[in-house]
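Visitor: sequence first, then the predicted structure, then my questions.
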Amino acid sequence: MDVSVNEVIKVCLNMGMFVSINQRLDAEAITVVADEFGYDVEFLSAEEDEIDTTIEDNPEDLLPRAPIVTIMGHVDHGKTSLLDYIRNASVAKGEAGGITQHIGAYDVMTKSGKRVTFLDTPGHEAFTAMRARGAKVTDIAIIVVAADDSVMPQTREAINHAQAAGVPIVIAMNKIDKPGANSEKIREELSQMNILVEDWGGKYQSQEVSAKTGLGIEDLLEKVLLEAELLELTANPDRNAVGTVIEAMLDKGRGYVTTVLVQTGTLKVGDVVLAGPHYGRVKAMTDHRGKKMKQAGPATPVQVLGLTGAPQAGDKIQVMETEREARELATQRQQLSREQSMRTKKHITLDEIGRRLAIGSFKELNVIVKGDVDGSVEALSDSLLKLSTPEVKVNILSKGVGAISESDVLLASASDAIIIGFQVRPSQSARKLADNEQIDIRLYSIIYNAINEVKDAMEGMLAPTVQEVVVANAEVRQVFNITKVGSIAGCMVTEGSFTRNTKVRVVRDGIVVHSGDISALKRYKDDVSEVRQGYECGISIKGFNDLREGDNIEGFEEKEIKRTL
Ligand SMILES: Nc1nc2c(ncn2[C@@H]2O[C@H](COP(=O)(O)OP(=O)(O)OP(=O)(O)O)[C@@H](O)[C@H]2O)c(=O)[nH]1
């Protein structure tokens, strides 16, 4: 802007911001300061802001590359077994020698001579955690369903997570060797969630497999390859490599060991790389059998030695021209991340919708719905979908019964969604993660309120509303049933304080089982007016005698919240 630092500082001070010359301003402050001097600010996205890793490739330089596959599914349906079988089967084909190591990813050759790369951290949590960090690695998801079991909650979740990411799905019906296996039942159950497999005239490929005997696994890989062909996956091997960090650790003998999945270009021994806030020169590379490699092309997983620290899974890694440039950028990133750990990135909230509508950048509202019973989840999801307007589309990314979990919060973070809970609560860890990630979790006990609030937000007119604010929490440690009085819960107040007038909710396994008022609040035998955090007390609840050990009693107040749009 061609103004002196002192002038900038003066403007900041006038706005009540006490800044120093070394301080970074946030986007909002920058806009205001620039405006003072008659400038408009245009923000580039974080990636554009740094170095250009998206060098345009000439179409003629692009060559087909192997697909990158993640395996997801319900607990014990055979994700790990399938990954292990595929890995070991490829060793048997004459490549034996090295001992297979779990380095986070591996690639195999199919019988038809094509390569497929697998991410070796099964499960949708890992998949979505990467996505939440901005890394898009997976091309295709294999959803494993045990044919002797059923489509389970985590099967549904995995499908939702893959779909939210726009990643095509291939179904593997596993454990087909077992006497109780019934793949027809699985097809039926999948169809109920709109996943119609090809055998039933749908678009989803599926394959019966056994991770124990290997039956059907070659066919499964061929189907994955077919799916990959439709995606026309290409990359330019003839450029500086860019990839994603899959995992990293400190090895006593070898220093920092980083598993990298090269996505484009070719990574070579001797290259200088920048990986998140770390850098280094590639000293050596090995594949998942410990075999030394001189170079690694697109879709190849390699273990890299030579970095100065351990980047996080999902960090981007890229080749730099000079070590000096890499070091400077690494230092800059370390400083930025220190500063940014205080701020968090802005995810969508209901209150934020009005602002985004006003600047015309709001086209889709992504929602995750959790509820206490199937009926209410369906009713709520249907009504929310109907709120779509020509301007703003409502997408239900995922819906399900049960407490709001960490995996829900991760999905919200990866897909910029809000979470709506009906008569359910977030688990402790989910609440913490949501705080960190700044995810808007809205809890309702009346469907009508949920729909109205979202509707108002979408019309850009969230009126002042009454919001419930949790003011106290207690754990039920013991329950006494006293004739004529009913049940009294012996509790420990773990947060805030309860008074006799505090409204309460009983939460069991994340689901609200009762809402109402306290009828008695006691310390030992005496009635008291207040009990604070860290104290034990007895609580009984008006008209509710089903208190159980392990329940949580949540105290809340209704506060009028003024919306500022
Ligand atoms: N008979 C039979 N058993 C299988 C098959 N696949 C997996 N199993 C068994 O099922 C159990 C669970 O398999 P895992 O591979 O650990 O399942 P997973 O989905 O990775 O489980 P988590 O890692 O706990 O989520 C193990 O005891 C396996 O031996 C199969 O095709 N046939």
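Guide: Good, I have the coordinates.

Visitor: contact residues of this protein facing the ligand?
Guide: 73, 75-81, 122, 174-175, 177-178, 210-212 (C-beta under 6 Å from any ligand atom). For every residue, glycine as well, the C-beta is placed using N, CA and C.

Visitor: just the buried ones from the residues you listed?
Guide: Among those, those classed as buried by 16 or more other C-beta atoms under 10 Å are 73, 77-79, 81, 122, 174-175, 177, 210-211.

Visitor: can you list those in TSV and add distance to Glu247 and pLDDT?
Guide: Output for these, formatted as TSV (distance: C-beta to C-beta, whole Å; pLDDT from 0 to 100):
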residue	distance to Glu247	pLDDT
Gly73	21	94
His77	23	96
Gly78	22	95
Lys79	17	95
Ser81	21	94
Pro122	14	83
Asn174	25	97
Lys175	29	97
Asp177	32	96
Ser210	29	97
Ala211	23	96
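
Visitor: just those residues: which are in helices?
Guide: 79, 81 (DSSP state H).

Visitor: longest single helix anywhere in this structure?
Guide: Max-length helix for the chain by DSSP H is helix 323-340.

Visitor: mean confidence for whichever helix or strand comes after it?
Guide: Moving toward the C-terminus from helix 323-340, the next helix or strand (DSSP states H and E) is helix 350-358. For helix 350-358, mean pLDDT rounds to 72.

Visitor: before we move on, what about stretch 103-116?
Guide: 92.

Visitor: follow-up on the earlier one: the buried ones among the residues of the chain next to the ligand: which two are farthest apart?
Guide: Largest separation among these by C-beta to C-beta: Pro122 and Asp177, giving 20.2 Å.

Visitor: show me where the stretch 351-500 of the chain has its strands.
Guide: 364-371, 393-401, 417-422, 441-444, 465-482, 486-499 (DSSP state E, counting those that start in this stretch).

Visitor: tabulate the ones you listed (JSON lines), appending mean neighbour count, distance to Val69 and mean pLDDT.
Guide: Shown next, in JSON lines, are those (neighbours: other C-beta atoms under 10 Å; distance: least, C-beta to C-beta, whole Å; pLDDT from 0 to 100):
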{"stretch": "strand 364-371", "mean neighbour count": "23", "distance to Val69": "25", "mean pLDDT": "92"}
{"stretch": "strand 393-401", "mean neighbour count": "19", "distance to Val69": "21", "mean pLDDT": "90"}
{"stretch": "strand 417-422", "mean neighbour count": "25", "distance to Val69": "25", "mean pLDDT": "94"}
{"stretch": "strand 441-444", "mean neighbour count": "20", "distance to Val69": "32", "mean pLDDT": "92"}
{"stretch": "strand 465-482", "mean neighbour count": "16", "distance to Val69": "42", "mean pLDDT": "85"}
{"stretch": "strand 486-499", "mean neighbour count": "19", "distance to Val69": "43", "mean pLDDT": "91"}
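
Visitor: what pairs with Pro544 across the strands?
Guide: To be clear, residue 544 is Phe; Pro isn't right here. Ile541 (DSSP bridges).

Visitor: nope, Met173 is what I was after
Guide: Residues in beta-bridge contact with Met173 (DSSP bridges): Val145, Glu208.

Visitor: now do Gly38: how many residues are near it, please.
Guide: 7 (other C-beta atoms under 10 Å).

Visitor: mind checking pLDDT for it?
Guide: 87.

Visitor: hang on, the earlier thing: check which helices and strands the longest helix of the chain sits against.
Guide: strand 272-275, strand 278-286 (3 or more C-beta pairs under 8 Å, 6 or more residues apart in numbering; DSSP states H and E).

Visitor: how far does stretch 470-487 sit from its chain's centre?
Guide: Between the centre of stretch 470-487 and the centre of its host chain there is 36 Å, according to C-alpha atoms, centre = their mean, to the nearest Å.

Visitor: ok, Pro277 touching Arg333?
Guide: Yes - with contact defined as C-beta atoms under 8 Å, Pro277 reaches Arg333; the gap is 4.2 Å.

Visitor: could you list the low-pLDDT ranges of the stretch 451-565 of the chain?
Guide: Across the stretch 451-565 of the chain, the ranges flagged by pLDDT under 70 are 460-467, 560-565.

Visitor: before we move on, back to that, dump the strands of the stretch 351-500 of the chain to a markdown table, plus distance to Val3.
Guide: Output for these, formatted as a markdown table (distance: least, C-beta to C-beta, whole Å):
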| stretch | distance to Val3 |
| --- | --- |
| strand 364-371 | 40 |
| strand 393-401 | 44 |
| strand 417-422 | 40 |
| strand 441-444 | 43 |
| strand 465-482 | 43 |
| strand 486-499 | 49 |
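
Visitor: cool, thanks, signing off.
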